[in-house]
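**Student:** Have a look at this prediction, sequence included:
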Amino acid sequence: MTLSAATDTLRPRALRDLPSPSGLPILGHLTRLDPLRAHTQFEQWARELGTPYRIHMAGMPIVIWDDVEVFQQILRERPQRWRRGGRIRPVAREMGFDGVFAAEGDDWAPQRRLVMQALNPA
């Protein structure tokens, strides 16, 4: 995918307009995910639905991309343009893993460097 194609993928769309696999009312896709192989399920849905697509976990919408270039662009634009949902950090703190997956604002800057290095194909 070229950068222009990645940028086109990021054009504003309503969440409801994104494709989604079938799920249950209220529970959403919780019953369709095995925690030990969720990543392969996400990959399969990306092949079937395209990217981005949306899922729901107990009423919380989640947007999923399966494109490294798009993901790297999102990481570069965080936190100015992209932010995580406000419910993630309190839950992460309560569960004891308040770090890269929950960091926002000033806390995100040092985490961003680590994530970008980890995703560097070289």
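**Tutor:** That came through, no problem. Residues are numbered from 1 along each chain as shown.

**Student:** Could I get the phi/psi values of the residue positioned nearest the centre of the chain?
**Tutor:** Compute the mean C-alpha point of the chain, and by Cα atoms, centre = their mean the closest residue is I64, 4.6 Å away. Per-residue torsions, I64: phi -120, psi 130 (degrees, to the nearest 10).

**Student:** That one reaches L49, doesn't it?
**Tutor:** No - judged on Cβ atoms under 8 Å, I64 makes no contact with L49 at a distance of 9.2 Å. (C-beta placed from N, C-alpha, C; glycine too.)

**Student:** rewinding a little: need the contact list for the residue nearest to the centre of the chain.
**Tutor:** Contacts for I64 (Cβ atoms under 8 Å, 6 or more residues apart in numbering) come out as 42, 45-46, 51-55.

**Student:** Can you list which of those residues are found in helices?
**Tutor:** Secondary structure from DSSP state H places 42, 45-46 of these in helices.

**Student:** pLDDT, neighbour count and distance to H29 added to those residues, as JSON lines?
**Tutor:** As requested, these are exported to JSON lines (pLDDT from 0 to 100; neighbours: other Cβ atoms under 10 Å; distance: Cβ to Cβ, whole Å):
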{"residue": "F42", "pLDDT": "91", "neighbour count": "17", "distance to H29": "10"}
{"residue": "W45", "pLDDT": "94", "neighbour count": "21", "distance to H29": "9"}
{"residue": "A46", "pLDDT": "94", "neighbour count": "16", "distance to H29": "14"}
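
**Student:** can you list those in TSV and add distance to Q111?
**Tutor:** Formatted as TSV, the ones in helices among the contacts of I64 follow (distance: Cβ to Cβ, whole Å):
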residue	distance to Q111
F42	22
W45	27
A46	25
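
**Student:** of the residues you listed, closest to L114?
**Tutor:** For the ones in helices among the contacts of I64, the residue nearest L114 by Cβ to Cβ is F42; the value is 22.2 Å.
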